[in-house]
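# Sequence first, predicted coordinates after that:
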Amino acid sequence: MSSEVQSRYVKLTKDQAPLQEIKPGELNQPIEVPQLKVRKCNECGQPLPEDFKPPADEPWTTGIFGCAEDTESCWTGLFCPCVLFGRNVQNLRDDTPLTTPCICHAVCVEGGIALAAATAVFYGIDPRTSFLICEGLFFAWWTCGIYTGLVRQSLQKKYHLKNSPCDPCLVHCCMHWCALCQEHREMKNRLSDNFVMPVTIVNPPPVQEMNSATEDQDSTPPTGNRTVLEMQPL
């Protein structure tokens, strides 16, 4: 009887097929968990809910050619664009003083233009000096588009603004002075006290007060059909 019962143990022999070899580190592979794949905020890195939608880009409060709307920034940007650029960066970044971006703009942009102009005035325009003149102008144009374009991009990211009228770097390459004035007007309008931001107003629930009539009514037992429950020990 006992011989007919199949044993639960397996007898190992030499003829048994070798087991699959496990390479070192094969069991420590990362496992993908779908629940952990969540969207995170680009600024703070916190997880976002599934139904979260980023805010839509808003239009600029003024146009690119609205320089005459603010005469102070218009004249400053025309004669001293480095000063206006320094003010814009200072208003955009609290930890950056005015002098740092102002000096960078003056050396790179105005410096390249001044170098090309001085070369043309003192040495004339000929095949020998044309390369130096073009090099100075190209350096000023390239720095103007990249350096100031990144600042405009940071401004658009902060206030969720659309490209007006095109890519930030391309705007500064083609319309540098108009772009500086537009950025100054945008921050001036948004930082002013008269600028109204869309907010959601939530009305709190009404305050409930207890008076003597309500207390008497609550303390009076109800009349009519009622059920009385009594507990008796068993």
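Nice, I can see it.
# report the longest helix in this structure, please.
Scanning the chain for the longest helix, with DSSP state H as the assignment, gives helix 127-159.
# Report the buried residues of the following helix or strand past that one.
Next along the chain after helix 127-159, taking DSSP states H and E as the criterion, comes helix 168-174. Judged by neighbour count (16 or more other Cβ atoms under 10 Å), helix 168-174 contains these buried residues: 168-169, 171-173. All C-beta spots, glycine's among them, are computed from the backbone N, C-alpha and C.
# Mind giving me the packing neighbours of whichever helix or strand comes after helix 168-174?
Tracing the chain past helix 168-174, the next element assigned as helix or strand by DSSP H and E is helix 176-191. Where contact means 3 or more Cβ pairs under 8 Å, 6 or more residues apart in numbering; DSSP states H and E, helix 176-191 is packed against helix 71-79, helix 81-92, helix 127-159.
# can you count the residues close to N91?
N91 sits with 18 neighbouring residues when counted by other Cβ atoms under 10 Å.
# remind me which residues of this protein are low pLDDT?
1-28, 35, 43-44, 192-234 (pLDDT under 70).
# what do you get if the cut-off is 50, keeping everything else the same?
1-2, 198-200 (pLDDT under 50).
# The longest helix of the chain to helix 176-191, inter-axis angle?
20 degrees (axes from the mean of the first three to the mean of the last three Cα atoms, to 10 degrees).
# how about helix 127-159: buried residues?
Buried, per 16+ other Cβ under 10 Å, within helix 127-159: 133, 136, 139-141, 143-145, 147-149, 151-152, 155-156.
# List just the nearest of these to V83.
For the buried residues of helix 127-159, the closest approach to V83 (Cβ to Cβ) belongs to T148, at 13.5 Å.
# From L155, how far out is the closest residue to D167 other than its chain neighbours?
Closest residue in space to D167, ignoring its immediate chain neighbours: G149 at 7.7 Å, by Cβ to Cβ, 6 or more residues apart in numbering. Here G149 is placed at a distance of 11 Å from L155 (Cβ to Cβ, to the nearest Å).
# P55 now?
Applying Cβ to Cβ to P55 and L155 gives a distance of 15 Å.
# before we move on, what about I31?
I31 sits 43 Å away from L155, going by Cβ to Cβ.
# from memory P59 sits against Y159, does it?
No: the pair P59 and Y159 fails to qualify as a contact (Cβ atoms under 8 Å) at a distance of 10.7 Å.
# E110 reaches C82, doesn't it?
Yes: using Cβ under 8 Å, E110 is in contact with C82, at 6.2 Å.
# more crowded one of the two?
C82 (21 against 15).
# which residues does the more buried one contact?
Each residue near C82 by Cβ atoms under 8 Å, 6 or more residues apart in numbering is listed here: 102-103, 105-106, 109-110.
# could I get those residues as JSON lines with secondary structure and distance to V121?
Listed next are these as JSON lines, based on DSSP: H, G, I helix; E, B strand; the rest coil; distance: Cβ to Cβ, whole Å:
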{"residue": "C102", "secondary structure": "helix", "distance to V121": "26"}
{"residue": "I103", "secondary structure": "helix", "distance to V121": "24"}
{"residue": "H105", "secondary structure": "helix", "distance to V121": "23"}
{"residue": "A106", "secondary structure": "helix", "distance to V121": "20"}
{"residue": "V109", "secondary structure": "helix", "distance to V121": "19"}
{"residue": "E110", "secondary structure": "helix", "distance to V121": "16"}
